[in-house]
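K.L.:
here is my input, please return the structure:
(2 chains)
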Number of protein chains: 2
Amino acid sequence: MDEKTPSTTDASTREARRRNRQHGLVIVNTGNGKGKTTAALGVLFRAWGREYRVRMFQFIKSSTSNYGEHKAAKRLGIRIEPMGDGFTWLSKDLERTAALAVEQWERCREVLRTGTEDIVVLDEFTYAMSYGWVPVADVVQALEKRPPAMHVIVTGRNAPQELIDCADLVTEMQEVKHPYTDQGIKAQPGIEF
Amino acid sequence: MDEKTPSTTDASTREARRRNRQHGLVIVNTGNGKGKTTAALGVLFRAWGREYRVRMFQFIKSSTSNYGEHKAAKRLGIRIEPMGDGFTWLSKDLERTAALAVEQWERCREVLRTGTEDIVVLDEFTYAMSYGWVPVADVVQALEKRPPAMHVIVTGRNAPQELIDCADLVTEMQEVKHPYTDQGIKAQPGIEF
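P.N.:
So this is what the prediction gives:
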């Protein structure tokens, strides 16, 4: 018996059509300005509208546990996976932080290998590379071996040159004017987090 | 009888709390790179997660009628309002285009005046100013008179200096590497639109 339900057929036809049409991009959002993560969220939102399979891995865990994007993602069924407990910018146990980042990268690498998603976001991942926790060469190799239709977005300041070299689309978000440094205004919920 | 249903009370309490906490920002995403509109969509997504009232006005009507963001917004009940029919980058009737842009701006100005939204996005609005269809001084005045808690995001290349002067947060998205110019890859659905 080689029976397929109509819904399975529809889904696989849809997927084949999508994959044929797609040329997977490696996208890097870097620079010292705002909008690196936010633009990645915008892509997830857009792609969710097209019923693509999307997933975000975060490499910075904020002390604010109720990020607007987590609330929204939960309501939509989008998977956003924060890094294990305990890491913030204020983290003092760097050994533990490094171990958590490596674990998170292993999860990402598995997703890049198996190709179960259409778009994968590695949020704030550049730091894991620039701190030397994850070798850039491993990242480039995993990106090059991924399924050809899969899009990957990497965000964070100071993207390493090897990553830029292997990327298709690189944007630098530059700070022109900033209310927190210029006017002492605090980060606003809904806008910043 | 001055009866209020519990849900009305809850809503107004929630609103008062939110407004007290908020300092409305004027945010400008400009530059020749990607991510200006996409970052604004990311903010809408985040804010939607927090149950804020959000609305996007678009000043460029694309020839692609099924934009991923429109599909997503429809599913979420977010209002994204394209400009009237007929305008694309290929538009030849500039007089009609100018009239449509002015009409769209009048709708925006009314929303800025009445303060019925928490976050308003004026997408690709810089072009309406740089083409001289909407005077920058009118825009700055409307922004300055808006309710103090309202956030406004303006996107588009070549943001006029007067707008930058009145903004709180300005980011320039700079193109570092682009697959369409560098490799001849076409715009990809879910990523670009």
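K.L.:
what about residue A:186, neighbour count?
P.N.:
10 (other C-beta atoms under 10 Å in any protein chain shown). Bear in mind the C-beta positions are built from the backbone N, C-alpha and C, glycine included.
K.L.:
and the pLDDT at residue A:169?
P.N.:
Turning to residue A:169, the model gives it a pLDDT of 93.
K.L.:
next one: residue A:34
P.N.:
89.
K.L.:
you'd agree it is up against residue A:173?
P.N.:
Yes - judged on C-beta atoms under 8 Å, residue A:34 makes contact with residue A:173 at a distance of 6.4 Å.
K.L.:
the more surrounded of these two?
P.N.:
residue A:173 (27 against 21).
K.L.:
tell me which element that one is part of?
P.N.:
strand A:169-177 (DSSP states H and E).
K.L.:
ranges for the strands of chain A?
P.N.:
Secondary structure of chain A (DSSP state E): strands at A:26-30, A:54-58, A:79-81, A:119-123, A:151-155, A:169-177.
K.L.:
show me where chain A dips below the pLDDT cut-off.
P.N.:
A:1-22, A:61-66, A:84-92, A:180-184 (pLDDT under 70).
K.L.:
could you pull out the helices for chain A?
P.N.:
Ranges of helices within chain A are A:6-21, A:36-49, A:68-76, A:94-114, A:126-130, A:136-145, A:161-166, A:179-182, based on DSSP state H.
K.L.:
what's the fifth one packed up against?
P.N.:
Right, the one you point to is helix A:126-130. With contacts defined as 3 or more C-beta pairs under 8 Å, 6 or more residues apart in numbering or on different chains; DSSP states H and E, helix A:126-130 has these neighbours: helix A:94-114.
K.L.:
what does the fourth one give?
P.N.:
Using 3+ C-beta pairs under 8 Å, 6+ apart as the contact criterion, the neighbours of helix A:94-114 among helices and strands are strand A:54-58, strand A:119-123, helix A:126-130, helix A:136-145.
K.L.:
neighbours of residue A:41, just the number please.
P.N.:
30.
K.L.:
isn't it right up against residue B:45?
P.N.:
Yes - with contact defined as C-beta under 8 Å, residue A:41 counts as touching residue B:45 (5.2 Å).
K.L.:
give me the common contacts of those two.
P.N.:
residue A:69 (C-beta atoms under 8 Å, 6 or more residues apart in numbering or on different chains).
K.L.:
just name the most buried of the helices of chain A.
P.N.:
Of all the helices of chain A, helix A:36-49 carries the top mean neighbour count, a mean of 27, counting by mean count of other C-beta atoms under 10 Å in any protein chain shown.
K.L.:
alpha carbons only: can I get it in PDB?
P.N.:
Taking Å, rounded to 0.1, in the frame of the first residue of the first chain, the C-alpha atoms of helix A:36-49 are listed here in PDB:
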ATOM      1  CA  LYS A  36      19.300  43.800  13.000                       C
ATOM      2  CA  THR A  37      17.100  41.400  15.000                       C
ATOM      3  CA  THR A  38      13.900  43.400  14.200                       C
ATOM      4  CA  ALA A  39      14.400  43.000  10.500                       C
ATOM      5  CA  ALA A  40      14.900  39.200  11.000                       C
ATOM      6  CA  LEU A  41      11.600  39.200  12.900                       C
ATOM      7  CA  GLY A  42      10.000  41.000  10.000                       C
ATOM      8  CA  VAL A  43      11.200  38.300   7.600                       C
ATOM      9  CA  LEU A  44       9.700  35.600  10.000                       C
ATOM     10  CA  PHE A  45       6.400  37.500  10.000                       C
ATOM     11  CA  ARG A  46       6.300  37.800   6.200                       C
ATOM     12  CA  ALA A  47       7.300  34.100   5.800                       C
ATOM     13  CA  TRP A  48       4.700  33.000   8.300                       C
ATOM     14  CA  GLY A  49       2.200  34.800   6.100                       C
END
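K.L.:
now that helix: how far from the chain's centre is it?
P.N.:
Relative to its chain's centre, helix A:36-49 lies at 10 Å (C-alpha atoms, centre = their mean, to the nearest Å).
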